[in-house]
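[1] Give me a 3D structure for the following:
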Amino acid sequence: MVRVALLDDHPAVLAGLRRLIDPEPDLAVVAAADSVPELARQLDGMHADVLVIDDDRAHGDGLSYCQRIKDRPNAPGVLIYAAHAGPALVLAARAAQADAVIDKAMPVAGLLAAIRAVADGDAILPVVTRDAYETAISRLDVEDLPILAMLFDREPIDAIAHALKTDQREIAWRTRRIVGRLRPKLTAQTEQRAHSRGA
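    Next up is the predicted model:
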């Protein structure tokens with residue numbers, strides 16, 4: 001049985017995801033929350049196999065949470081579930097060590113297949129064109145490129161720090177900066193919505 005935890009600030013999305021996943025005989029929703037503290041409370045030390053995280057930056061930062069989760073031992077698979085899963089989000093999610101990026105417009109069968117694939121240890125990351133990749137990495141400092149390459153190879157922070165003969169805290173900070181620079185920028189409309197909600 002694949003244990004799935006859901007994190008999305010929209011109650012309707014959480015309820016919809018639960019309705020889609022619960023009938024599947026090999027999948028079980030073990031937590032569904034609209035905030036990180038509430039998710040931790042519901043899990044109460046229980047281990048989820050796959051964490052499905054919304055990446056709506058107007059309400060929260062799913063990629064930062066993904067980074068924190070993937071930095072832990074025995075981390076669950078993380079699937080970023082986003083309204084606009086474009087190249088910038090895919091690259092930022094790869095740097096945050098997400099296992100999958102799925103657009104919310106994907107048919108239900110694709111989402112369920114992605115959850116199962118992530119539970120099996122597979123990565124479901126859309127292909128990014130060379131032009132999109134080069135545009136994205138042009139926003140990075142040259143000294144961050146080796147870190148990005150190792151993140152893309154799914155190396156943990158401690159292994160990257162060891163390879164580069166530097167402190168883990170330095171690599172963790174630089175990784176957060178890389179993800180922040182790669183991720184899609186908020187549009188003026190999204191910024192306004194985030195500001196009006198106090199995000």
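[2] State the distance from Gly86 to Lys185.
    Counting by C-beta to C-beta, to the nearest Å, the separation of Gly86 from Lys185 is 11 Å. (C-beta placed from N, C-alpha, C; glycine too.)
[3] the more surrounded of these two?
    Set side by side, Gly86 and Lys185 show more neighbours around Gly86, with 14 against 11, by other C-beta atoms under 10 Å.
[4] ok, the residue lying closest to that one once chain neighbours are set aside - contacts?
    In space, and not counting its chain neighbours, Gly86 is closest to Pro184: 6.4 Å by C-beta to C-beta, 6 or more residues apart in numbering. Contacts for Pro184 (C-beta atoms under 8 Å, 6 or more residues apart in numbering) come out as 84, 86, 88-89, 92.
[5] tell me the secondary structure for the residue located most distally from the centre of the chain?
    Using C-alpha atoms, centre = their mean, the residue of the chain lying farthest from its centre is Lys165. It sits 27.3 Å away. Three-state assignment for Lys165 (DSSP: H, G, I helix; E, B strand; the rest coil): coil.
[6] In the helix or strand containing Arg41, which residues are buried?
    Element membership for Arg41 (DSSP states H and E) is helix 36-43. Neighbour-count burial for helix 36-43 flags 36, 39, 43 (criterion: 16 or more other C-beta atoms under 10 Å).
[7] could those residues go into TSV alongside distance to Ile157 and pLDDT?
    Formatted as TSV, these follow (distance: C-beta to C-beta, whole Å; pLDDT from 0 to 100):
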residue	distance to Ile157	pLDDT
Val36	20	89
Leu39	22	92
Leu43	23	93
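[8] Would you mind giving the residues you listed as TSV with distance to Glu134 added?
    Shown next, in TSV, are the buried residues of helix 36-43 (distance: C-beta to C-beta, whole Å):
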residue	distance to Glu134
Val36	34
Leu39	36
Leu43	40
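[9] List just the nearest of the residues you listed to Glu170.
    Nearest to Glu170 among the buried residues of helix 36-43: Val36, at 24.9 Å, using C-beta to C-beta.
[10] What distance do you get for that closest one to Ala82?
    When distance is defined by C-beta to C-beta, Val36 is 17 Å away from Ala82.
[11] where does the residue found closest to Ala75 once you drop the neighbours it is linked to in the chain land in three-state SS?
    Sequence neighbours aside, Ile69 is the residue nearest to Ala75 in space, at 5.4 Å (criterion: C-beta to C-beta, 6+ apart). Three-state call for Ile69 (three-state DSSP): helix.
[12] Can you pull the poorly scored residue ranges out of the protein?
    Along the chain, segments meeting pLDDT under 70 span 56-60, 186-199.
[13] Can you show me the strands along it?
    Taking DSSP state E as the criterion, the chain carries its strands at 2-7, 27-33, 50-54, 77-82, 100-103.
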